[in-house]
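Participant: the following block contains a protein sequence and its predicted model.
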Amino acid sequence: MPTQPLYRKLRSERRSNSVADPTPSTAVDATGAEARIPSTDLLGVYRMMVTSRVVDERCLTLQRQGRIGFYVPMQGQEAAQVGCTWALSPEDWIFPAYRELGVALTRGVPLKLLLDQFIGNSGDALKGRQMPNHYGYRAFRFVTASSPVGTQIVQAVGTAMAARRKGEPIVTATFFGDGTTSSSDFHSGLNFAGVFRAPTIFFCQNNQWAISLPREKQTRSETLAAKSVAYGIPGVVVDGTDVHAVYGAVAKARELALAGGGPTLIEAQVYRLGPHSTSDDPRRYRSDEELNAWKAKDPIARLKHELLADGQLTEEADHEVWESTKAEVAKALAASEAMAPVQPRTMFEDVFAHIPLALEEQRDQFEALSAPGATKP
Amino acid sequence: MTELTLVQAVNRGLFEAMKSDPDVLILGEDVGVNGGVFRATEGLLKEFGAERVIDTPLSESGIVGAAIGMALYGMKPVAEIQFVDFIYPAFDQIVSELAKFRYRSGGQYPCHVVIRTPYGGGIKGGLYHSQSPEAYFAHTAGLKVLIPSNPADAKGLLLTAIHDEDPVLFLEPKRIYRSVTGEVPDGDHRVPFGLASTVREGSDVSVFAYGAMVPVAAQAVDALGAEGIHAELIDLRSLVPLDEKALLASVEKTGRAVIVHEAPRFCGYGAELAAILAEKALYSLKAPVVRVTGFDTPFPYALEHLYLPNAERVAHAIRTTAKAA
């Protein structure tokens, strides 16, 4: 079986021989990707990763306080998400799963708009229709997510085929996790993309756990990227805690796709530092030892050390990054919580382009019953 | 006007749509070089090229999922599922994705895909080439469901579907693909959605049918004329949206209703029609509503002629209903 290079640009910390060591035995260091994040961008990248972490932590608290109904955290995946999106063009279409906060923020979706969705208020572009994390914004070419896993993969391929037919030089990037590589739509999507040479980047964040199922029980494949071989497309494994490596791999895949070379499967090896969702307690199925081994590779700490070493950041400036971000989040949250709730009448909109008679009748009956005093004896 | 079979009318509809709008494209299994296993897409590859008539790998969720992606980008894909019996691998894409895209995005992402697929029994197709699963889809909010029964409607409804703004499941009665011919208007002929068609006018009993059951019901209605029973036959054509006005108006006139479909009875589309009559026309009814349907079994191969409603079963139901006090 061909081996995939493990892009690794940062100076790796010495790793213990822990069970969490994600590096496949066949991987090689620091090769392959030529594109670099411009050094003038690095502070912006860092700030975006910090923002993702701060918002994520805040949302976990909001859920515990009952201020939002549910939340899917992404801590540990900041370098993968920000690095990948940084390498895309704003014209490229994103087909996310439901754990892509860092992607949405990097794409430029305003924080308040995201919080409006988490709360499901009248400011929500989705009109309060979806659970938190399932947002989507046409203006940002960020397609609305669903909960069934993998469905977005084959859709991203269709959009890429359509864009190519219209002669528009964009790629589609679709995001999913290790568990999704077992789904039928992962297979359908990669197979279609291979056959039609669709300009699509398949960005798999292998965060090692699909709720309680570890990566080893998901597939017998040595790596997830190895699955690309059967579809006749390139596959790479990348250290997803190394923002440079992620950026380089995505930039290269994008270049290939735009040149007519077709899709690439990228496996970014990361770790889900938090639970699958707020409904889950990971201590039931994984060890503290494993968690701590990965915490030592915290992507934000890694980039911070690099910036400190390069003199782009000081401890004081770093403190300021975190504090100003927290203030921004607090401000956006206050604005979002001040929004009016969704109007009940909107429930009946957008099922079809125009409301059919039968649904209009249901809406009118609903409104008559909801009128003050309507159901009193 | 041109005399065409139903499958030829589908082909002409596709041709018209592709000719007038470069965003219309077709994808499915064997639709290109082979022209479709029923020849519905014959000649289109030659006329419009492989970028618009796309032979896909054998994957229904791939076909519908890719069509969704194309529609999101502004194309007007017409996906063919070779037999509706094979649509289930795409059920997730249809029900979880296609039907919900507009709603779940708050109207930001309309997703207009037409899925064409042959349905129904009577061709010795057994369990997996005969099913009539319209109720699964009619039950899903956000999908329009159409079933033509004649060549003119096949072309007219298909063209309306391709130029509509919502996802459409277009079920083609393959049993009468070639057995029925009719005059079909040339050019951009369109039949509006949500409008039933009166096939026979009558005052004694209302008969509601669609697809391949329309000619079966017509045969029964015509035979009963000799017995002095004048039944009204209504072809629903559009299951979603339903022409509820036509349903109620006919029953208000006749006071009696027979519903015919080849799908199994339990929770079939006829159950919804009966429920609407119970809710809104009960005081017009002079007899219980009767359903003539397939049985609540999987579709049998050797006994399909006994499984499918035929003119005798329909006539018996009409006669019984007409005579009920």
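Facilitator: Looks like it came in fine. Numbering: from 1, shown residues only, chains lettered A, B, ... in the order given.
Participant: quick one, domains of the chain?
Facilitator: Just going to use chain A. Following automatic domain parsing, one gets these domains for chain A: A:6-342, A:343-377.
Participant: sorry, should have said chain B
Facilitator: According to automatic domain parsing, the ranges for chain B are B:2-184, B:197-323.
Participant: up against chain A, what does the stretch 101-250 of chain B have?
Facilitator: Residues of the stretch 101-250 of chain B lying close to chain A (C-beta under 8 Å from any C-beta of the partner chain) are B:101-110, B:141-142, B:144, B:164-166, B:194, B:240-242, B:244. No exception for glycine: its C-beta is placed from N, CA and C like everyone else's.
Participant: okay, and which of those map to helices?
Facilitator: Secondary structure from DSSP state H places B:F101, B:R102, B:Y103, B:R104, B:E244 of those in helices.
Participant: next helix or strand past whichever helix or strand A:N191 is part of?
Facilitator: Using DSSP states H and E, A:N191 maps to helix A:184-196. Sequence-wise, the next helix or strand downstream of helix A:184-196 (DSSP H and E) is strand A:200-206.
Participant: report the angle between that following strand and helix A:184-196.
Facilitator: Interaxial angle, strand A:200-206 versus helix A:184-196 (axes from the mean of the first three to the mean of the last three C-alpha atoms, to 10 degrees): 150 degrees.
Participant: around chain B, which positions in the stretch 251-377 of chain A sit nearby?
Facilitator: A:E349, A:D350, A:V351, A:F352, A:A353, A:H354, A:P356, A:L357, A:A358.
Participant: could you pull up the mean pLDDT of the strand or helix carrying the last one?
Facilitator: With secondary structure defined by DSSP H and E, A:A358 is part of helix A:357-370. Taken as a whole, helix A:357-370 carries a mean pLDDT of 95.
Participant: what residue in the stretch 101-250 of chain A comes nearest to chain B?
Facilitator: A:G158 (2.3 Å; C-beta to the nearest C-beta).
Participant: just give the nearest non-adjacent residue to the residue nearest the centre of chain A, would you?
Facilitator: Residue closest to the average C-alpha location in chain A (C-alpha atoms, centre = their mean): A:E100, at 2.2 Å. For A:E100, ignoring the flanking residues on the chain, the nearest one in space by C-beta to C-beta, 6 or more residues apart in numbering or on different chains is A:F175 at 5.3 Å.
Participant: doesn't the one you found belong to a strand?
Facilitator: Yes: the assignment for A:F175 is a strand, going by DSSP: H, G, I helix; E, B strand; the rest coil.
Participant: surely it touches A:V103?
Facilitator: Yes: if you go by C-beta atoms under 8 Å, A:F175 and A:V103 touch, sitting 6.4 Å apart.
Participant: what do those two both touch?
Facilitator: A:Q81, A:C84, A:I94, A:P96 (C-beta atoms under 8 Å, 6 or more residues apart in numbering or on different chains).
Participant: and for the second one, the neighbour number?
Facilitator: Other residues lying near A:C84 total 32 when counted by other C-beta atoms under 10 Å in any protein chain shown.
Participant: how about the last one?
Facilitator: A:P96: 27 surrounding residues under other C-beta under 10 Å.
Participant: dump the residue contacts of B:E272.
Facilitator: B:E272 neighbours (C-beta under 8 Å, 6+ apart): B:A138, B:L242.
Participant: could you point out which element follows the helix or strand containing it?
Facilitator: Assigned by DSSP H and E, B:E272 belongs to helix B:269-280. Remark: after helix B:269-280, the chain's next helix or strand is strand B:290-294, criterion DSSP H and E.
Participant: same for that next one, what does it pack against?
Facilitator: In terms of contacts (3 or more C-beta pairs under 8 Å, 6 or more residues apart in numbering or on different chains; DSSP states H and E), strand B:290-294 is packed against strand B:257-264, helix B:269-280, helix B:311-323.
Participant: tell me how far that strand is from the chain's mean position?
Facilitator: Taking the mean of its C-alpha atoms, strand B:290-294 sits 17 Å from the chain's own mean (C-alpha atoms, centre = their mean, to the nearest Å).
Participant: avg pLDDT for that strand?
Facilitator: According to the model, strand B:290-294 has a mean pLDDT of 98.
Participant: tell me how many other residues surround residue 145.
Facilitator: I'll assume chain A. 25.
Participant: right idea, wrong chain: chain B
Facilitator: Neighbours of B:V145 using other C-beta under 10 Å come to 24.
Participant: with A:E323 instead?
Facilitator: Using other C-beta under 10 Å: A:E323 sits among 11 other residues.
Participant: again with B:H305
Facilitator: 11.
Participant: and for B:R116?
Facilitator: 27.
Participant: ok, B:L44 next?
Facilitator: Other residues close to B:L44 by other C-beta under 10 Å number 21.
Participant: residues contacting A:I94?
Facilitator: A:85, A:88, A:100, A:103, A:107, A:140-143, A:172-175.
Participant: try it again with 7 Å
Facilitator: Counting by C-beta atoms under 7 Å, 6 or more residues apart in numbering or on different chains, A:I94 touches A:V103, A:R107, A:R141, A:F142, A:V143, A:A173.
Participant: and the gap between B:A40 and A:G108?
Facilitator: To A:G108, B:A40 is 45 Å away according to C-beta to C-beta, to the nearest Å.
Participant: whoops, A:I153 was the one
Facilitator: From A:I153 over to A:G108 (counting by C-beta to C-beta), the distance is 24 Å.
Participant: more crowded one of those two?
Facilitator: Set A:I153 next to A:G108 and count neighbours by other C-beta under 10 Å: A:I153 wins out with 31 against 12.
Participant: if we can go back for a sec, dump the helices and strands packed on strand B:290-294 to JSON lines, plus mean pLDDT.
Facilitator: Supplementary listing: those in JSON lines, determined by pLDDT from 0 to 100:
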{"stretch": "strand B:257-264", "mean pLDDT": "98"}
{"stretch": "helix B:269-280", "mean pLDDT": "98"}
{"stretch": "helix B:311-323", "mean pLDDT": "97"}
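Participant: with distance to A:I119 as extra columns, can I get the ones you listed in a markdown table?
Facilitator: Formatted as a markdown table, these follow (distance: least, C-beta to C-beta, whole Å):
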| stretch | distance to A:I119 |
| --- | --- |
| strand B:257-264 | 43 |
| helix B:269-280 | 37 |
| helix B:311-323 | 55 |
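Participant: comparing the ones you listed, which comes out most buried?
Facilitator: strand B:257-264 (a mean of 26; mean count of other C-beta atoms under 10 Å in any protein chain shown).
Participant: CA atoms only for that strand, dumped as PDB, please.
Facilitator: Output in PDB follows, covering the C-alpha atoms of strand B:257-264 (Å, rounded to 0.1, in the frame of the first residue of the first chain):
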ATOM      1  CA  ALA B 257     -66.200   7.700  -3.300                       C
ATOM      2  CA  VAL B 258     -63.900   4.900  -4.600                       C
ATOM      3  CA  ILE B 259     -60.200   5.400  -4.400                       C
ATOM      4  CA  VAL B 260     -57.900   3.300  -6.600                       C
ATOM      5  CA  HIS B 261     -54.100   2.800  -6.300                       C
ATOM      6  CA  GLU B 262     -51.800  -0.100  -6.700                       C
ATOM      7  CA  ALA B 263     -49.700   0.600  -3.600                       C
ATOM      8  CA  PRO B 264     -50.500  -1.300  -0.500                       C
END
